[in-house]
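1. For reference, the sequence and a predicted model appear below.
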2 protein chains.
Amino acid sequence: MQRRGSKGEGAAGVTIVDIARQAGVSIKTVSRVINREEGVGAEARARIEDLIARLGYRPNVAARLLSSRRSYLIGVIFLRMGAYHYIGEIQAGAMRACRRAGYQLVVEQVGEGAAGPRETLIETLRAGRFDGLVLTPPVCDDPELLDIVESHGLAYVRIAPGGDFGRSPYVFMDDASAAREITDRLLDLGHRRIAFIDGPREHTAATRRRQGYLAALGARGVTPCADLIQSGDFESLSGFEVTERLLDLSHPPTAIFAANDGMAVGVLAAAAKRGLSVPGSLSVVGFDDSPVAASAWPRLTTVHQPVAEMAEAAADMLIDGFGDKRFRGRTLVRQLDFRVVDRASIAPPRKSASGL
Amino acid sequence: MQRRGSKGEGAAGVTIVDIARQAGVSIKTVSRVINREEGVGAEARARIEDLIARLGYRPNVAARLLSSRRSYLIGVIFLRMGAYHYIGEIQAGAMRACRRAGYQLVVEQVGEGAAGPRETLIETLRAGRFDGLVLTPPVCDDPELLDIVESHGLAYVRIAPGGDFGRSPYVFMDDASAAREITDRLLDLGHRRIAFIDGPREHTAATRRRQGYLAALGARGVTPCADLIQSGDFESLSGFEVTERLLDLSHPPTAIFAANDGMAVGVLAAAAKRGLSVPGSLSVVGFDDSPVAASAWPRLTTVHQPVAEMAEAAADMLIDGFGDKRFRGRTLVRQLDFRVVDRASIAPPRKSASGL
DNA sequence: AAACCGATAGACAACGTTGTCGTCGCATGA
DNA sequence: TCATGCGACGACAACGTTGTCTATCGGTTT
């Protein structure tokens, strides 16, 4: 039928048949070696492994899929990919895990264009054959989408889900502790009037960050002042506007903690507009360690989320799970550590304000 | 052999055989319809198409690949994915094209970890079966990597390559014209002492931007002053430092054009530090329309690169090319339009300076 | 009327692997 | 001595599609 593709490469096109013939065994035996199955003698195994290495043999993914229904494909699902800064890191992390285990990573985006997330997800799942899925926020917080995935009988791991924790394996970071720790930084410097800019309600991580903030204040006996807790929508403009209100207060804050970096940049902008130096006259911290945090001015003190590591762990859990009868009933959870990134946007409060 | 997977879904698992049986034709005829081949009567075709739609049949990717060597997989190759802000847009764009044509997008990263880009690329190409590749900078500017791709006989399209233009199809944006146009904005406002902050030498786009800047000055008869052309490294800190030097000049610039947004933010910071209002006392423009540009203060006037569109066009070219005997000898090029994003960081120069 | 044609369609093998089942040789225990 | 069991391995079908080759049919040309 088809001619053997005449690649410019020597090694390409080696099949299991070639190995079998040269090793003087059946293809089934070679298959057993590849898949680490029992029932192959030590010397035959050694001979075959040596040949595989020498000829640079790689199993044909398609044939494998066709025969065994395992695709060695893991999908990462995003909602509107352009919008999030962390997608590169997620992919990089997931890819590390995939490559280690001989898997490939397929990226999919749902909810772009005319069709809604539901439709595109169904379409995606039908078209591609995935062994498992890594679900990112906010996809992983939509019960309806989870239903769809489950109805396809697909294994999946969520990254930083907002709730419904019993439902599937997931990886997460302790937002509350991180928020508490970065608030402590401010407290340690002597700040007492610390404002908090919340995120949108549906973003449950923002809520956990607020709780951490409150816990830190509580632990030092600082009573949180309602005026100082304002809500934003994670966009920098909201950070800007809220800050204007905050600075107009009769007794303005000496430090502002924004629940994400985007809003923190807005805080910086509002301060710049008023000629208020940061961190001299106002300290600012963000959350996420997004790229803007590093290029903002001054460089933003923030919390680094181990995004790549979370994705790597998620993919690892998925791959390990495949051996395990597809997660049957087990619920796995992995927590990863955050890190406070000390940069240049915080300093002790000016005397006048700190005195009190 | 294997039992038919008992999916929770009705439609999954429909094969070409089911369609053929219900339509009362052979599987080959169905195959012809799917692949838009000739030789099927109108009514048979209609009947089959109807069945395909009703049963929600999707060709099995693996079987197709195995049989025809077309994988319907397009790879996008990045170098260190975490590092660039535009990767989400690139993927989103490429995915649009893929989805339209029934392809899937596989993301790959080279040069991460111990192994160099060379090794990981070879490994990647050997493991995955791609129909074609979209190469992003700086991968697409490494002749050695291009050699590897070519030696595998793979079709590829480059996005914004820096040189070696005859070598393959590519898509690009006219950096020079864009730089010229944004410089004209400044000139139109009356600025004559316009500084330019260059990028790192290996970044060929920076060079083209500088040429555009020079061309704009030349067209108005403004002689560029060597003092006003300084080099940076695309990081915001370098923008800050260069600006300090610039502002210390006996005859400082009234406007600064930074070759990317990151450095432009640094310019803004340096101005803020000196209490120089932007755009009142100093106009600033950047390039790229990266996320920081929109959230900086004041919001940065910059050039929007059609990143998503370029990726979409690249994937389209690839897919179209497959029909065409794999690009045999043809060199295709597509140019996409930039757009100057007018925001709040430029204004006419103060009288004292503009007079001259 | 014979020969030929193009349009339409089907039979069958092939792609490269894994799953199932069977066989062989040899050691073990009764 | 003979069944019994076990470890090592092979034969063969199956996965779902496409490529190649061949057959049928109605109409046109000679």
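-> Everything's here; your move.

2. Below-threshold pLDDT in chain A: ranges please.
-> For chain A, the stretches with pLDDT under 70 are A:1-12, A:82-83, A:128, A:323-331, A:351-356.

3. ok, residue A:58 - contacts?
-> Residue A:58 sits next to A:14, B:126, B:127 when contact means C-beta atoms under 8 Å, 6 or more residues apart in numbering or on different chains. Heads up, the C-betas are built off the backbone N, CA and C, glycines and all.

4. Whether the host helix or strand of the second one contacts chain A - can you check?
-> When secondary structure is defined by DSSP states H and E, residue B:126 falls within helix B:117-127. Yes. Under the criterion of C-beta under 8 Å from any C-beta of the partner chain, chain A is reached by helix B:117-127 at B:123, B:126, B:127.

5. Pull out the buried residues from stretch A:303-323.
-> For stretch A:303-323, the buried set under the neighbour-count rule, 16 or more other C-beta atoms under 10 Å in any protein chain shown, comprises A:303-319, A:321-322.

6. Return the subset of these lying in helices.
-> Mapping those onto helices (DSSP state H) picks out A:307-319, A:321-322.

7. My read is that residue A:264 contacts residue A:239, right?
-> Yes. In this structure residue A:264 lies within contact range of residue A:239 using C-beta atoms under 8 Å: 6.2 Å.

8. who touches both of these two?
-> In contact with both residue A:264 and residue A:239: residue A:258, using C-beta under 8 Å, 6+ apart.

9. which bits of chain A sit near DNA strand C?
-> Chain A comes close to DNA strand C at residues A:1-2, A:4, A:13, A:15-17, A:27-28, A:31, A:34-35, A:57, A:59-60, A:63-64, A:66-68, as judged by C-beta under 7 Å from any atom of the strand.

10. rewinding a little: between the ones in helices among the buried residues of stretch A:303-323, which is nearest DNA strand D?
-> Here the nearest of these to DNA strand D, counting by C-beta to the nearest atom of the strand, is residue A:322; it sits at 19.0 Å.

11. Could you measure from the closest residue to that closest one other than its chain neighbours over to residue A:152?
-> Counting by C-beta to C-beta, 6 or more residues apart in numbering or on different chains, residue A:131 is the residue found nearest to residue A:322 once chain neighbours are left out, at 6.1 Å. Residue A:131 sits at a distance of 12 Å from residue A:152 (criterion: C-beta to C-beta, to the nearest Å).

12. And for residue A:320?
-> 21 Å.

13. Correct me if wrong, but residue A:187 is in a helix.
-> Yes. Under DSSP: H, G, I helix; E, B strand; the rest coil, residue A:187 falls within a helix.

14. quick one: is stretch A:137-148 near chain B?
-> No. Stretch A:137-148 stays clear of chain B (C-beta under 8 Å from any C-beta), getting no nearer than 9.3 Å.

15. What residues of that stretch count as buried?
-> Neighbour counts over stretch A:137-148 (16+ other C-beta under 10 Å) mark A:137, A:138, A:139, A:140, A:141, A:142, A:145, A:146, A:148 as buried.

16. So which of those residues sit within helices?
-> Checking those against DSSP H, those in helices are A:145, A:146, A:148.

17. Any buried residues in stretch A:259-277, and which?
-> A:259-273.

18. Please flag which of those residues sit within helices.
-> Per DSSP H, the buried residues of stretch A:259-277 map to helices at A:261-273.

19. Which single one of those residues is nearest to residue B:113?
-> Relative to residue B:113, the closest of these is residue A:261; by C-beta to C-beta it sits at 27.3 Å.

20. Quick check: chain neighbours aside, which residue is closest to the closest one?
-> Leaving aside its sequence neighbours, residue A:261 sits nearest to residue A:286 (C-beta to C-beta, 6+ apart; 3.8 Å).

21. ok, the one you found touching residue A:258?
-> Yes. Here residue A:286 reaches residue A:258: they are 5.3 Å apart, a contact under C-beta under 8 Å.

22. shared neighbours, these two?
-> With C-beta under 8 Å, 6+ apart, residue A:286 and residue A:258 have common neighbours residue A:264.

23. how close does the spatially most central residue of chain A get to DNA strand C?
-> Closest residue to the average C-alpha location of chain A: residue A:307 at 4.1 Å, with C-alpha atoms, centre = their mean. Note on residue A:307: its distance to DNA strand C, by C-beta to the nearest atom of the strand, to the nearest Å, is 33 Å.

24. Identify the nearest residue to that residue in space, disregarding sequence-adjacent positions?
-> Using C-beta to C-beta, 6+ apart and skipping the chain neighbours, the partner closest in space to residue A:307 is residue A:89 (4.2 Å).

25. Over to residue A:349?
-> Nearest residue to residue A:349, sequence neighbours excluded (C-beta to C-beta, 6+ apart): residue A:254, at 3.8 Å.

26. likewise residue A:311?
-> residue A:93 (3.5 Å).

27. Could I get the full set of strands for the stretch 1-150 of chain A?
-> Counting by DSSP state E, counting those that start in this stretch, the segments of the stretch 1-150 of chain A that form strands are A:73-79, A:104-110, A:132-135.

28. orientation of the second one relative to helix B:117-127 in degrees?
-> Here strand A:104-110 runs at an angle of 80 degrees relative to helix B:117-127 (axes from the mean of the first three to the mean of the last three C-alpha atoms, to 10 degrees).

29. Please name every helix or strand in contact with strand A:104-110.
-> Strand A:104-110 sits against strand A:73-79, helix A:87-101, helix A:117-127, helix B:87-101, strand B:104-110, with contacts defined as 3 or more C-beta pairs under 8 Å, 6 or more residues apart in numbering or on different chains; DSSP states H and E.

30. rerun that using 6 Å as the cut-off
-> strand A:73-79, helix A:87-101, helix A:117-127, strand B:104-110 (3 or more C-beta pairs under 6 Å, 6 or more residues apart in numbering or on different chains; DSSP states H and E).

31. Using PDB, write out the CA atom coordinates for that strand.
-> Only the C-alpha atoms of strand A:104-110 are listed here, as PDB (Å, rounded to 0.1, in the frame of the first residue of the first chain):
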ATOM      1  CA  GLN A 104       1.800  14.500  24.900                       C
ATOM      2  CA  LEU A 105       0.000  17.600  25.900                       C
ATOM      3  CA  VAL A 106      -2.900  19.000  23.900                       C
ATOM      4  CA  VAL A 107      -4.200  22.400  24.700                       C
ATOM      5  CA  GLU A 108      -7.800  23.200  24.400                       C
ATOM      6  CA  GLN A 109      -9.800  26.300  24.900                       C
ATOM      7  CA  VAL A 110     -13.500  26.300  25.600                       C
END
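
32. residues making contact with that strand?
-> Contact with strand A:104-110 is made by A:73-79, A:81, A:94-95, A:98, A:117, A:120-121, A:124, B:91, B:95, B:104-107, B:128, as judged by C-beta atoms under 6 Å, 6 or more residues apart in numbering or on different chains.

33. Chain B contacts on chain A?
-> Residues of chain A lying close to chain B by C-beta under 6 Å from any C-beta of the partner chain are A:7-9, A:58, A:62-63, A:65-66, A:81-82, A:87-89, A:91-92, A:95, A:104-107, A:109, A:126-128, A:151, A:153, A:236, A:265, A:269, A:272, A:291-292, A:295, A:297.

34. any idea how far the residue nearest to residue A:307 lies from residue A:108?
-> From residue A:89 to residue A:108 the distance is 17 Å (C-beta to C-beta).

35. contacting residues for residue A:71?
-> A:65, A:129, A:131.

36. between those, which is closest to DNA strand C?
-> For these, the nearest to DNA strand C is residue A:65 (8.2 Å; C-beta to the nearest atom of the strand).

37. Can you measure across stretch A:297-316, start residue to end residue?
-> Terminal residues of stretch A:297-316 lie 37 Å apart, using C-alpha to C-alpha, to the nearest Å.
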